[in-house]
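Undergrad: Model the following, please.
(2 chains)
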Protein chains: 2
Amino acid sequence: MIPYQLIAKKRDGGELTAAEIEQLIAAYLTGGFTDEQMAAFLMAVFLQGMTTAETAALTRSMTASGDVWDLSSVPQPTIDKHSTGGVGDKVSLVLAPWVAACGVAVPMMSGRGLGHTGGTLDKLAAIPGFSTSLTKKRTISQLKKIGVAMLAATENIAPADRRMYALRDATGTVESVPLITASILSKKIAEGADGFVFDVKYGSGAFMPEIRRAKALAESLVKTAIKSGKKAVALLTAMDQPTGCAAGNVCEVREAIDCLRLKKPEDLYQITKTLAVEMLMLAGSFRSRTAAAAQLEQAIDSGAALEKFRRLIQAQGGDPRVVDNPELSPQAAHHNEIKAPRSGYLQKIDTRRIGWALVELGVGRKKPDDDIDISAGLLLSKKIGDRVAEGESVGTIMGRSRRTFALVAREVAASLSIGATRTRPQKLIHSRFDGRWIPL
Amino acid sequence: MIPYQLIAKKRDGGELTAAEIEQLIAAYLTGGFTDEQMAAFLMAVFLQGMTTAETAALTRSMTASGDVWDLSSVPQPTIDKHSTGGVGDKVSLVLAPWVAACGVAVPMMSGRGLGHTGGTLDKLAAIPGFSTSLTKKRTISQLKKIGVAMLAATENIAPADRRMYALRDATGTVESVPLITASILSKKIAEGADGFVFDVKYGSGAFMPEIRRAKALAESLVKTAIKSGKKAVALLTAMDQPTGCAAGNVCEVREAIDCLRLKKPEDLYQITKTLAVEMLMLAGSFRSRTAAAAQLEQAIDSGAALEKFRRLIQAQGGDPRVVDNPELSPQAAHHNEIKAPRSGYLQKIDTRRIGWALVELGVGRKKPDDDIDISAGLLLSKKIGDRVAEGESVGTIMGRSRRTFALVAREVAASLSIGATRTRPQKLIHSRFDGRWIPL
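TA: Numbering: from 1, shown residues only, chains lettered A, B, ... in the order given. Model (predicted):
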């Protein structure tokens, strides 16, 4: 293989063979294809695209760069969910135990917060004692026992992706549909589940706000996963405002527990239930979505879902009493109300801006080794379409220090568009893609 | 400056401001813009292009990365020529003393052979004692005294280009018109001449064989040079076969001396004279091309051009007796005839393939630190359109060792298309661009 020729082939719009992509990634891992060459190649992919066959080959090569877990000894079907992320997206915390309570195993590898979006690992850190460092052996044993595990990807899961992601981040090649697809899928496939439900967000707080681009990503994820021998389906769901009311680690865990107990807040409940139905259907556990939905309702009403969450916490070294006594999580020392600057309807939210404001508050990181404030967060009490009165509280920010409160309050207030006419939020669950688009 | 944003702007087809390009190159030289980021940026430029304003700003920043020579103390106008290169292209050796003999100073910085194309520095090394390492001071003093200097670019001329060229070579981003333009011009402008004539080659041995792409490069070179405050004109000349008969270092010097004495071979003489006329016109030394051409003829007929070459050799430490006694240059130990494999007309030559065969013979280098065989070369006795008989000699290869003779003879013979009908070579001097195209 001559690295130059493979770069030039993609540069000129050619389609690389699976063997060429395999050689390229193998050479990258052994130094025969340098970081500079990879940077040029990634830019060529960004601008020339990749076919589904190329994306699947890239995914396979990146998966093969590390450990590939074999979950075939788990007797239940294994299904995972991946979200493209957003603000207040605590869906995984509700979804994983809930689906597990319905007999499908959920091996969920998650990441830390990235940019303006939160991360499930950070949220789980709000549960005292909860460990997300699980070995393959322990994960399999836990899946057999309680049907759910929530863990961090180990160092050996798709190491090629880690190097390539750092390079993409530095070289302006992150927002490429085939590269995002291969990055997500290489890790998911290494994790070993039978199938995946992709929660692709659209709207102001989404990684890809435009519906057109979000749809392209959803299609690429599903087609590439299927080409890679996995079951897959994608849902397009709203991220024009934070999901639920809470955005922050401790407060999101609390809201997730509320949802498992009380089926609210409504938007979180609806999104999670729709994803859960798709997971159960992918697993082949139910004949119809209606039957799956009924079983899910029952799992909450009976307390089985919440109990599964308690057992998950216990299995991973956490304090399960936090489910009934949320004050066992670190509590914020300071709170501050955010007042509506004028009267009118909440018309629109710049959710990404809220996400970045929360990073300033300590909810997320600017640099990978930054400390976070697990107790920091925002409770937003208004939704798009709600009436607000000037001076009325629209939310609360909290944290262990007031240092950035003034800035964050200003940023959150500035993210809210208040006007005279009432507007409606985006469709909460827009459509489903399983090879073709079905409006929901 | 945030490197990511500049890369993304170009990636998305935006036009960078001069300030942005300046910041980018400055950051690259100080480590704030990494080689990986530059590789991605170069690929984005390759695929999205650059406007003339961007190319001029890039050129300016690359020039400013090192020394910029001020030749204003030289009383004569200073004009240089740059060729995009080819096989047997010894034009510079004839042109520089010839133009200098007509009163225009020629400060000619040249390079070594690159890929399949020869380099003027390698040819000059065939003159015993000739040194191409001149300081700025010595160059200026020589220009004042004899009006011509032929030298290698110093380490401090456009160092940004050296790093960027190595990166382009490794990452498939060499053949980009704006990047080629900035690479050539950044060095030429640093050299300090008032104006440049660009000899852009087209045909099978050229860097850009297709006339369409050669024209695009010619336009970019001229427009960017003019935008950079220099006088400039480009000629499109043929490289569908080696220029003259000789391709190799010692034999090309001998052919160049023949041309300065005897005005032949015809193609070399015509190309060089046309370029020389343009240099004299750019310098403003003559009212008309006819007057300039007459002066050039006279310089050869009077022996002034050849005498200028002797003085150039002497000024740079070489043995001027080589002009009258070519055997003072290293002579090849072995010669081998190449026979025509069949009878017919020489219809076409794969000149690039001949160039690469000559690299095998030792005329050029595969790697930058390879040794070359200064005595090695090819004398091709047939031109496109000539009749050849089966078994007749079509040329001679020579060198200090026979090691690669069989391979090279086979490659040269295979590069010649012999057929029943007579074909004509490409137009030797196709057209001129000085802001608009003029067919010649």
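
Undergrad: In the sheet, which residues pair with the residue nearest the centre of chain A? Tell me.
TA: The residue at the geometric middle of chain A, judged as the C-alpha nearest the mean C-alpha position with Cα atoms, centre = their mean, is A:Ser83 (3.2 Å). With beta bridges defined as DSSP bridges, A:Ser83 has these partners: A:Asp199.

Undergrad: next one: phi and psi at the residue in the stretch 301-440 of chain A positioned nearest to chain B?
TA: Ranked by Cβ to the nearest Cβ, the top residue of the stretch 301-440 of chain A for proximity to chain B is A:Lys366, at 13.1 Å. For the C-beta atoms, the positions are set from N, CA and C on the backbone; glycine is no exception. According to degrees, to the nearest 10, the main-chain angles of A:Lys366 amount to phi -90, psi -40.

Undergrad: Next up, identify which helix or strand A:Ala96 is on.
TA: A:Ala96 is located in helix A:91-100, with elements delineated by DSSP states H and E.

Undergrad: got it, and A:Ala40?
TA: helix A:35-48.

Undergrad: helices and strands around that helix, which ones?
TA: Here helix A:35-48 is seen to pack against helix A:3-11, helix A:159-171, helix A:177-191, helix B:3-11, helix B:35-48, helix B:159-171 when contacts are counted using 3 or more Cβ pairs under 8 Å, 6 or more residues apart in numbering or on different chains; DSSP states H and E.

Undergrad: Just give the nearest non-adjacent residue to the residue in the stretch 201-350 of chain A that chain B sits nearest to, would you?
TA: Taking Cβ to the nearest Cβ as the measure, the point where the stretch 201-350 of chain A comes nearest chain B is A:Arg213, at 13.3 Å. For A:Arg213, ignoring the flanking residues on the chain, the nearest one in space by Cβ to Cβ, 6 or more residues apart in numbering or on different chains is A:Val177 at 7.6 Å.

Undergrad: quick one, what contacts the one you found?
TA: Residues in contact with A:Val177, defined by Cβ atoms under 8 Å, 6 or more residues apart in numbering or on different chains, are A:Gly49, A:Arg213, A:Ala216, A:Leu217, A:Ser220.

Undergrad: all strands of the stretch 151-300 of chain A, in order?
TA: Taking DSSP state E, counting those that start in this stretch as the criterion, the stretch 151-300 of chain A contains strands spanning A:195-202, A:231-238, A:246-248.

Undergrad: For my notes, please list those strands in a markdown table and give mean neighbour count and mean pLDDT for each entry.
TA: Converted to a markdown table, the strands of the stretch 151-300 of chain A look like this (neighbours: other Cβ atoms under 10 Å in any protein chain shown; pLDDT from 0 to 100):
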| stretch | mean neighbour count | mean pLDDT |
| --- | --- | --- |
| strand A:195-202 | 27 | 98 |
| strand A:231-238 | 25 | 98 |
| strand A:246-248 | 29 | 98 |
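
Undergrad: re the thing from before, please report how far the residue nearest to A:Arg213 lies from A:Thr51.
TA: Applying Cβ to Cβ, to the nearest Å, one obtains 12 Å for the distance of A:Val177 from A:Thr51.

Undergrad: ok, now A:Thr154?
TA: For A:Thr154, the distance to A:Thr51 equals 31 Å [Cβ to Cβ].

Undergrad: related to what we said a few turns ago, helices or strands next to the very next helix or strand once past the helix holding A:Ala40 in the packing?
TA: Per DSSP H and E, helix A:35-48 leads on to helix A:52-63 as the next helix or strand towards the C-terminus. Here helix A:52-63 touches helix A:18-30, helix A:159-171, helix A:177-191, helix A:211-227, going by 3+ Cβ pairs under 8 Å, 6+ apart.

Undergrad: and the third one with helix A:211-227, angle?
TA: Computed with axes from the mean of the first three to the mean of the last three Cα atoms, to 10 degrees, the direction of helix A:177-191 lies at 40 degrees from that of helix A:211-227.

Undergrad: how far does helix A:177-191 sit from the chain's center?
TA: Computed by Cα atoms, centre = their mean, to the nearest Å, the chain-centroid distance of helix A:177-191 equals 13 Å.

Undergrad: cool, the last one as well?
TA: Average the C-alpha atoms of helix A:211-227, do the same for its chain, and the two points are 15 Å apart (Cα atoms, centre = their mean).

Undergrad: Same question for stretch A:21-29.
TA: The chain centroid and the centroid of stretch A:21-29 are separated by 28 Å under Cα atoms, centre = their mean.

Undergrad: residue contacts, A:Leu380?
TA: The neighbourhood of A:Leu380, defined by Cβ under 8 Å, 6+ apart, consists of A:Gly88, A:Gln241, A:Pro242, A:Cys245, A:Ala247, A:Ile354, A:Val394, A:Gly395, A:Val412.

Undergrad: ok, back up a step: just send the helices and strands packed on helix A:35-48 back as a markdown table, with mean pLDDT and distance to B:Asn336 too.
TA: What follows is those, written out as a markdown table (pLDDT from 0 to 100; distance: least, Cβ to Cβ, whole Å):
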| stretch | mean pLDDT | distance to B:Asn336 |
| --- | --- | --- |
| helix A:3-11 | 92 | 33 |
| helix A:159-171 | 93 | 51 |
| helix A:177-191 | 97 | 53 |
| helix B:3-11 | 92 | 51 |
| helix B:35-48 | 97 | 42 |
| helix B:159-171 | 93 | 33 |
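
Undergrad: Take those and lay them out in CSV including distance to A:Thr30.
TA: Putting the helices and strands packed on helix A:35-48 into CSV (distance: least, Cβ to Cβ, whole Å) gives the following:
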stretch, distance to A:Thr30
helix A:3-11, 12
helix A:159-171, 11
helix A:177-191, 18
helix B:3-11, 27
helix B:35-48, 18
helix B:159-171, 16
